[in-house]
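Undergrad: after the sequence you'll find the predicted model.
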Amino acid sequence: NVDYSHVEKKVTELLSRDTTLSIHYGELISKQFFDNLAVEINETLQETGLLPLTQLSREVSLPVSTLTKELVPRVGDLISGTYDKKTDTLFTTAFVERQAAKLRGACSGATRPVHLGKIMEAHGITASLGHSCVKDMIKEGRLQGQLQGHSTNPVFIPKLYTAAQNQWADSFYKQNGYITFDMMHNKGIDNPQSVVSRFDNSLVLSSGCVSKSVVTGTQSIVEEAIATDFYIELIDWMFDWCTEDDESKVLELVLANSETETYRILPSKAVISINLLNQLLSSFDGKIAEQVKSDAVDPKILSCLKKFDSASAIVAESKPAKKAKGGKKGKKGKARDDGDEEYVAPKPVLSPTYLSVQQIEDEVKVLKFFIDNEPKEETTLPEISELLKKQLDSKYCAALDEEVRKKTMKSSKTQQKADEETINSLYNTVLLCEKGLKVFEDAVRSQIEKHILKTLCLDLTKATFTKLAEEHDCPFQGDNMKLDSIVAYLPKNAKPFATSIITSVTSGTNVQEFIESYTELTDPQYTQLLVKKLDKKKERNMVFAQKQSLLEQLKTEENSANLLNMACNLIFIKQHSTLLHVPGRCTSAVVKHISRDFTGPQ
């Protein structure tokens, strides 16, 4: 009948004086007790081979946590064995070796992946003990293979099986030049990326791996189709196991050595030669000519006809917006000059179309070429027809425009005026492009001048010579190879200028020399043509019209090269208020020049 507080006080005094004592759940226990218990446990353990602490807890009426705290430090000293922390179980070394021997026997005889869970269950081996045994044996080299999966039901993969998988993958890749990840997964290879990383000279895709020598072989097939004016569909050469991204990657690699001007890629990734497209376009020439003859007198067609004139010709026909009475005021209240007026750009007009995509397809598929070489894919012909439509519409409109021009020319005076407008437009364009040359370095300027001479200047020369030929009864018809045929018909003093012009457009390198000779040749004493000099007002109008024309084209243009060219022209116009006419090879120099005015990362 002693009060518990007195007992607790005395126990505290005992614990402070004797470190061999400890209290567990209200019981005062000495170190000797646990030593004796360890000896008894060791005797039992040596007989049974294993002893769960949960069983021992019930026998000695102590929680597992207490037994773990007191007995685990005695393992290896008073207790001969090992302790499994996951299962709170004691094992003898002999027991562990017997279980390991069972597992080694089962795993050594395996030729395929083995789930160890059933084996351990059949032999009464705990999952954690079995997992650690197999892991140790693999580490020590006593067992050849590897473990995968969770420790409760690990999978043992024999080295023999892995070697067989690798041998199969190597053999298949060597024989076929490719291997897919799905194939390897079906063969039980869980990490196919590590397998293909061993292959030399290979292209790894998201769905498999292909030898670059195979890609080179397909490259020659595609290049041959382009070189022989043919087309090739994806089904003819692409691997059927590739994803869409893989197809794009392989196609890009296959076409790496082909010039982009020699082929077009259809939406289905079929590749068609530009020459074949041109042949298909030419097959419509006769039908377009017949159609144009009837459409040129159709009021409905004529009402929607869009004129395909140059930007300068559009400016010549446009009229300025009327200025408010008294004029607009600029900065500081000063009235602006008339030259500051902006012109109202004409609204875009929809051009008439030739045939629908379906009609073009119907015409194309009956051509002998496609009868002999019928596409395998249903989408190929519609895609080719879609590609042809824009160019056919352009050819049709150009032919229709030309036919309408012929029918609407009512007098030589009207013709004379139209010719003068065309020639003045070309002449002023040359002047503006020559003005833009001054901003480039000598090497680039020389290339651009040659390009202007062989394009704009040549067109101007042919148009002017044609008019001079009419005035001097010369049979000249605008042929590039017979430019000098007109010289003999010109007045004696005009001949040197004509010869100089011919030299400039055939082998010249200086646009200014051409302009000087052209100005002399078109002097009123030699021709009835009225070639007007470019004033500031007309210059601004031409530049403005060209800018508006480019902006309209940007809305519908999809070709990346054309888009880059248009963007460069627009920026150049903004920076220098003049026109630009450069060959494609000088685009990089133009980009470099116009980039100087931009701030920030280039």
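TA: That came through fine.
Undergrad: could you pull out the helices in the stretch 101-250 of the chain for me?
TA: Read by DSSP state H, counting those that start in this stretch, the stretch 101-250 of the chain holds these helices, from start to end of the chain: 116-122, 127-140, 159-176, 181-186, 192-196, 212-227, 244-254.
Undergrad: helices or strands up against the third one?
TA: Contacting helix 159-176 under the criterion 3 or more Cβ pairs under 8 Å, 6 or more residues apart in numbering; DSSP states H and E are the following elements: strand 145-148, strand 178-180, helix 181-186, helix 192-196. C-beta: built from backbone N, CA, C; applies to glycine.
Undergrad: if we can go back for a sec, what's the closest of the helices of the stretch 101-250 of the chain to Ser282?
TA: Among the helices of the stretch 101-250 of the chain, helix 212-227 comes nearest to Ser282, with 18.4 Å by Cβ to Cβ.
Undergrad: from the chain's centre, how far out does that closest one sit?
TA: For helix 212-227, the separation from the chain centroid amounts to 21 Å (computed by Cα atoms, centre = their mean, to the nearest Å).
Undergrad: could you do stretch 546-564 as well?
TA: Averaging C-alpha positions (Cα atoms, centre = their mean) puts stretch 546-564 21 Å from its chain's average.
Undergrad: same check, this time on stretch 255-268
TA: What separates the centre of stretch 255-268 from the centre of its chain is 14 Å, taken as Cα atoms, centre = their mean.
Undergrad: could you give me the buried positions within it?
TA: Of all the residues in stretch 255-268, those buried under the rule 16 or more other Cβ atoms under 10 Å are 255, 263-264, 266, 268.
Undergrad: so which residues make contact with that stretch?
TA: Contact with stretch 255-268 is made by 219, 222-223, 226, 233-234, 251, 271-275, 277, 377, 379-380, 383-384, 387, 561, as judged by Cβ atoms under 8 Å, 6 or more residues apart in numbering.
Undergrad: of these, just the buried ones, ChimeraX syntax please.
TA: In ChimeraX, this line selects whichever of the contacts of stretch 255-268 come out buried by 16+ other Cβ under 10 Å:
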select :219,222,223,226,233,234,251,271,272,273,277,377,380,383,384,387
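Undergrad: among the helices of the stretch 101-250 of the chain, which comes closest to Leu400?
TA: Proximity to Leu400 (Cβ to Cβ) singles out helix 212-227 among the helices of the stretch 101-250 of the chain, at 32.8 Å.
Undergrad: give me the nearest residue to Ala494, chain neighbours excluded.
TA: Once flanking residues are discounted, Ala494 sits nearest to Tyr526: 4.4 Å by Cβ to Cβ, 6 or more residues apart in numbering.
Undergrad: all strands of the chain, in order?
TA: Using DSSP state E, the strands assigned to the chain run over residues 21-24, 27-30, 50-52, 82-84, 89-91, 114-115, 145-148, 155-158, 178-180, 202-204, 208-211, 231-232, 263-265, 271-273.
Undergrad: do you know which of those strands lies nearest Phe572?
TA: Using Cβ to Cβ, the strands of the chain put strand 263-265 closest to Phe572, at 28.6 Å.
Undergrad: direction included, what does that closest one pair up with?
TA: Take DSSP bridges as the rule and strand 263-265 pairs in its sheet with strand 271-273 (antiparallel).
Undergrad: what's next to the strand it pairs with, contact-wise?
TA: With Cβ under 8 Å, 6+ apart as the test, strand 271-273 has contacts from 222, 225-232, 251, 255, 262-266, 384, 387.
Undergrad: for Gly76, give its distance to Tyr83.
TA: 9 Å (Cβ to Cβ, to the nearest Å).
Undergrad: between these two, who's got more neighbours?
TA: Neighbours per residue, other Cβ atoms under 10 Å: of Gly76 and Tyr83, the larger number sits with Tyr83, 18 against 11.
Undergrad: who does that one bridge with?
TA: Leu90.
Undergrad: does it touch Val72 like I think?
TA: Yes - using Cβ atoms under 8 Å, Tyr83 makes contact with Val72 at a distance of 5.5 Å.
Undergrad: of the buried residues of stretch 255-268, closest to Thr466?
TA: Arg264 (35.5 Å).
Undergrad: which residues does the closest one bridge with?
TA: Beta bridges link Arg264 to Ile272 when assigned by DSSP bridges.
Undergrad: how far away is it from Glu224?
TA: From Arg264 to Glu224 the distance is 17 Å (Cβ to Cβ).
Undergrad: Thr243 now?
TA: Counting by Cβ to Cβ, the gap from Thr243 to Glu224 is 26 Å.
Undergrad: okay if I get the helices of the stretch 101-250 of the chain as JSON lines plus distance to Thr12 and mean pLDDT?
TA: Formatted as JSON lines, the helices of the stretch 101-250 of the chain follow (distance: least, Cβ to Cβ, whole Å; pLDDT from 0 to 100):
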{"stretch": "helix 116-122", "distance to Thr12": "49", "mean pLDDT": "67"}
{"stretch": "helix 127-140", "distance to Thr12": "40", "mean pLDDT": "70"}
{"stretch": "helix 159-176", "distance to Thr12": "62", "mean pLDDT": "77"}
{"stretch": "helix 181-186", "distance to Thr12": "67", "mean pLDDT": "82"}
{"stretch": "helix 192-196", "distance to Thr12": "64", "mean pLDDT": "80"}
{"stretch": "helix 212-227", "distance to Thr12": "82", "mean pLDDT": "85"}
{"stretch": "helix 244-254", "distance to Thr12": "75", "mean pLDDT": "82"}
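Undergrad: quick one, which of those is nearest to Ile573?
TA: Of those, nearest to Ile573 by Cβ to Cβ is helix 244-254, at 34.3 Å.
Undergrad: can you list the buried residues in that closest one?
TA: The neighbour-count check on helix 244-254 (16+ other Cβ under 10 Å) flags 246-247, 250-251, 253-254 as buried.
Undergrad: and what of stretch 51-65?
TA: Neighbour count says stretch 51-65 has 51, 53, 56-57, 62 buried, by 16+ other Cβ under 10 Å.
Undergrad: just the residues you listed now: which is nearest Ser282?
TA: Leu53 (94.0 Å).
Undergrad: number of residues surrounding the closest residue to the closest one other than its chain neighbours?
TA: With Cβ to Cβ, 6+ apart as the criterion, Leu53 has its nearest non-adjacent residue at 4.4 Å, and that residue is Asp88. Burial of Asp88 is recorded as 18 neighbouring residues (other Cβ under 10 Å).
Undergrad: quick one, what contacts Asp88?
TA: 52-54, 64, 68.
Undergrad: so which of those sit within helices?
TA: Counting by DSSP state H, the contacts of Asp88 place 53-54, 64, 68 in helices.
Undergrad: quick check: the two most widely separated of the residues you listed?
TA: Thr54 and Thr68 (10.8 Å).
Undergrad: if I look at the residue nearest to Ala494, how far off is Asp372?
TA: Distance of Tyr526 to Asp372, given as Cβ to Cβ: 58 Å.
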